[in-house]
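coordinates for the following, if possible.
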Amino acid sequence: MRKLLFVVLTSFAVSASAQTPAPPSTLRLTVDDAVKMALDHNVDLSADRLDPQISDTRVAAAAGAFKPTFNTNVNRNNQLQPPSSFLIPTATRNDVVTSNAGVAQRLPWFGTSYSVAWNAAHTDSNSFLQSYNPLVQSGLSFNFSQPLVRDLRIDPARQQLAVSRIGRDVADTRLRESIVHTMANVKTAYWALVAAVANVDARRTAVDLARELERVNKAKVDVGQSPPLDLVSAQAEVASNREQLIIAETAVKVAEDKLRLLVFDTGDRSVWNVKVEPADAPPVTTAALDIDAAVTNALRDRADLVRARKDIDTAQVNEKFTGAQRLPDVRLNASYLASGLGGTQVLRTGGFPGTIVGPGQATEFGTVLNQLFTNQYPTWAFGVSISYPLGTSTEDANHARSKLEHRQAEERLKSAEGRAVQQVRDAGWKIEMNAKRIETTRAARELADQRLDAERKRFDVGMSTSFLVIQAQRDLAQATTNELSAILAYDLALVDFEALQQAGPAGTLLGNAPSDSGDSTTMQAPASVPAPAAPAVGGLRIGG
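Modelled structure (predicted):
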């Protein structure tokens, strides 16, 4: 039996593992693929998607103030009273069973409220003062209250509902902003990884160039054509370039981890072992920009500006509410009560209070209810109540505060709009600047390449020194690094320009991305690092 159970469990485990495919060891991604994966799997975005649902529950809670409430209870009270007067010479026992049911509701219009209630009581008593034993009583009541001044247009419940609905719209803008920031962060991390991979290729090429110079210098030193110092200089350059290669390879791992964090569900630890290979080369062609149209889009659609307008809406609701609370509280109140009475009548003879001779006619409970609905014993009540504070009140102070908060919200919107215009224009200028940087750094890299080629040819015929060749290699490395930096800055400026039209700047972006103004020029490849002399680096076309 145990052997059979072991076989079954083993088969089940093998079947389960076969049905759950392991993640691929290498994942080749385009930038669009990375964005789509992030929208599907990003953990932070999944959490942010719950905000609108949470806001829905707040709206539902506020709307619950207008739902009718039903209440009912049944109670039995047994009481034995000691004789307290000459009319009641013996102890009196009363056994009362009461029940009631009712509905009350605050209406979402005009501040109206009402309540309807029905009650019934059945009393058994040994008191000779009772006219019925058992005594059956029933009542039907209706109460109505209508504010005529304060709370007519808006009251606390309607204010809370209006504010919660605005908060629901704000939750949508926050989710949209979170999506925009996630997409921008993914693109930032993707291009940073592309640049890091290109930098690794550049370091490897620099190491190859330095080793070639080391080989040539060693051969010359062996035959006595060059001093040993040239070989030492070449070996030092090889060691320096290998160090930079190690740093560049580590930077690729760090960049991969940042991208993994964004595009994978990190609850599965196996995703950290998936190698991510970028498939796209960053765009380096100058985009045609319409900054005025971009500014118009930002002022219309940016999530932070939409939120600022919602803040104004909230302030208007609060101002309307506090203004209404300053008015006198004038209310029309009306009530109606119908009563019914029945039970078994007590027969008496003689004078007051008489002698009980037995039970009389019995009035059924159905008859008692008929008394209610045929309006045999009605009671009506109408009235107007007025309440008004004398002197400066809390309501006056609250209204003054709400007016100031309304003005403050309007001024903050103006300030936010100004910042939005500046941020979009700034991102546009940086795109133009970095496009020109690409042209100049490409020219500088091509000239540095030509200088290195000329210097190596002169070195081969003995007209140059190892020091000058090494210096030319370093100059080419710096020029290539500057070109890579300009391309990366241009691509990140494009990301910022697109994102800033839809959402405000994120508090913290990945890598070295800007935190407040969409400044992409700070995201550059490390300086003073040797770069390749070849025209193509890691799939990224550098020149020519």
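
regarding residue 484, what is its secondary structure?
The assignment at residue 484 comes out as helix when based on DSSP: H, G, I helix; E, B strand; the rest coil.

for residue 34, see how far away it is.
Residue 484 sits 20 Å away from residue 34, going by C-beta to C-beta, to the nearest Å. C-beta coordinates here come from the backbone N, C-alpha and C atoms, glycine included.

tell me the mean pLDDT over the strand or helix carrying residue 119?
Assigned by DSSP states H and E, residue 119 belongs to strand 113-125. For strand 113-125, the mean pLDDT works out to 90.

so which elements touch whichever helix or strand comes after that strand?
Toward the C-terminus, strand 113-125 is succeeded by strand 132-147 as the next helix or strand (DSSP H and E). In terms of contact count using 3 or more C-beta pairs under 8 Å, 6 or more residues apart in numbering; DSSP states H and E, strand 132-147 is assigned the packing partners strand 113-125, strand 329-349, strand 355-363, helix 365-373.

ok, now with 6 Å
strand 113-125, strand 329-349, helix 365-373 (3 or more C-beta pairs under 6 Å, 6 or more residues apart in numbering; DSSP states H and E).

thinking again about what came up before, residue 484 and residue 34: which has the busier surroundings?
Set residue 484 next to residue 34 and count neighbours by other C-beta atoms under 10 Å: residue 484 wins out with 28 against 24.

who touches the strand holding residue 119?
Contacts to strand 113-125, defined as C-beta atoms under 6 Å, 6 or more residues apart in numbering, come from residues 94-104, 106, 133-145.

can I have the buried ones of those as a PyMOL selection?
Taking 16 or more other C-beta atoms under 10 Å as the burial criterion, the selection of buried members of these in PyMOL is written as:
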select buried, resi 94+96+100+102+106+133+134+135+136+137+138+139+140+141+143+145
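
re the thing from before, dump the helices and strands packed on strand 132-147 to JSON lines, plus mean neighbour count and distance to residue 407.
As requested, the helices and strands packed on strand 132-147 are arranged in JSON lines below (neighbours: other C-beta atoms under 10 Å; distance: least, C-beta to C-beta, whole Å):
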{"stretch": "strand 113-125", "mean neighbour count": "17", "distance to residue 407": "34"}
{"stretch": "strand 329-349", "mean neighbour count": "17", "distance to residue 407": "28"}
{"stretch": "helix 365-373", "mean neighbour count": "15", "distance to residue 407": "57"}
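
would JSON lines of the ones you listed with distance to residue 65 be doable?
Below are the helices and strands packed on strand 132-147 laid out as JSON lines (distance: least, C-beta to C-beta, whole Å):
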{"stretch": "strand 113-125", "distance to residue 65": "11"}
{"stretch": "strand 329-349", "distance to residue 65": "18"}
{"stretch": "helix 365-373", "distance to residue 65": "31"}
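
residue 271: which of these is closest?
Taking C-beta to C-beta, strand 113-125 is the member of those nearest to residue 271, at 57.2 Å.

run the chain-centre distance for that closest one.
How far strand 113-125 lies from its chain's middle: 50 Å, per C-alpha atoms, centre = their mean, to the nearest Å.

pairing partners for that strand, with directions?
Applying DSSP bridges to the sheet, strand 113-125 is found paired with strand 92-106 (antiparallel), strand 132-147 (antiparallel).

skipping adjacent residues, who's closest to residue 322 in space?
Beyond its immediate neighbours in the sequence, the residue positioned closest to residue 322 (C-beta to C-beta, 6 or more residues apart in numbering) is residue 399, lying 4.0 Å away.

tell me what the helix or strand hosting the one you found is packed against?
Using DSSP H and E, residue 399 sits within helix 394-460. Of the remaining helices and strands, those touching helix 394-460 by 3+ C-beta pairs under 6 Å, 6+ apart are helix 291-301, helix 303-325, helix 466-499.

how far does that helix sit from the chain's center?
Taking C-alpha atoms, centre = their mean, one finds the center of helix 394-460 at 26 Å from the center of the full chain.

circling back: can you lay out the strands paired with strand 113-125 as TSV showing mean pLDDT and distance to residue 501?
Conversion of the strands paired with strand 113-125 to TSV gives the following (pLDDT from 0 to 100; distance: least, C-beta to C-beta, whole Å):
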stretch	mean pLDDT	distance to residue 501
strand 92-106	90	44
strand 132-147	88	47
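
between the ones you listed, which one is closest to residue 447.
For the strands paired with strand 113-125, proximity to residue 447 was assessed by C-beta to C-beta; strand 92-106 is nearest, at 80.6 Å.

which other residues reach the closest one?
Contacts of strand 92-106 with the rest of the structure, by C-beta under 6 Å, 6+ apart, involve 66, 68-72, 74-81, 113, 115-127.

ok now it, how far from the chain's centre?
Counting by C-alpha atoms, centre = their mean, strand 92-106 is centred 49 Å from the centre of its parent chain.

how about stretch 278-295?
A distance of 29 Å separates the centroid of the chain from that of stretch 278-295, by C-alpha atoms, centre = their mean.

what of stretch 135-151?
The offset between the C-alpha centroid of stretch 135-151 and the centroid of the whole chain comes to 45 Å, using C-alpha atoms, centre = their mean.

ok, and what's touching it?
Residues outside stretch 135-151 that contact it (C-beta under 6 Å, 6+ apart) are 111-123, 324, 327-343, 365, 368, 372.

then stretch 278-288?
For stretch 278-288, the surrounding residues in contact (C-beta under 6 Å, 6+ apart) are 28, 30-31, 191, 193-194, 435, 438, 487, 491, 539-540.

and that stretch, average pLDDT?
The predicted confidence, averaged over stretch 278-288, sits at 78.

check stretch 191-200 too.
Mean predicted lDDT for stretch 191-200 stands at 89.

restricting to C-alpha, output it in CSV.
Output for stretch 191-200, consisting of C-alpha atoms alone and laid out as CSV, is shown next (Å, rounded to 0.1, in the frame of the first residue of the first chain):
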residue,chain,number,x,y,z
TRP,A,191,17.8,51.9,-22.6
ALA,A,192,20.1,51.9,-19.6
LEU,A,193,20.6,48.1,-20.1
VAL,A,194,21.2,48.7,-23.8
ALA,A,195,23.9,51.3,-23.0
ALA,A,196,25.4,49.0,-20.3
VAL,A,197,25.7,46.2,-22.9
ALA,A,198,27.2,48.6,-25.4
ASN,A,199,29.7,49.7,-22.8
VAL,A,200,30.8,46.1,-22.1
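
buried ones in that stretch?
Under the neighbour-count criterion of 16+ other C-beta under 10 Å, stretch 191-200 has 191-200 buried.

excluding sequence neighbours, find me the nearest residue to residue 70.
If you skip the residues right next to it in sequence, residue 70 has residue 103 as its closest partner in space, 5.4 Å away by C-beta to C-beta, 6+ apart.

ok, what's across the strand from the one you found?
With DSSP bridges applied, the residues forming beta bridges to residue 103 are residue 70, residue 116.

helices of the stretch 151-300 of the chain, start to end?
Across the stretch 151-300 of the chain, reading from the start of the chain, the helices by DSSP state H, counting those that start in this stretch fall at 156-222, 228-263, 291-301.

what separates the shortest one from the chain centre, distance-wise?
Centroid displacement of helix 291-301 relative to its chain, using C-alpha atoms, centre = their mean, is 24 Å.

quick one: mean pLDDT over it.
Mean per-residue pLDDT for helix 291-301: 92.
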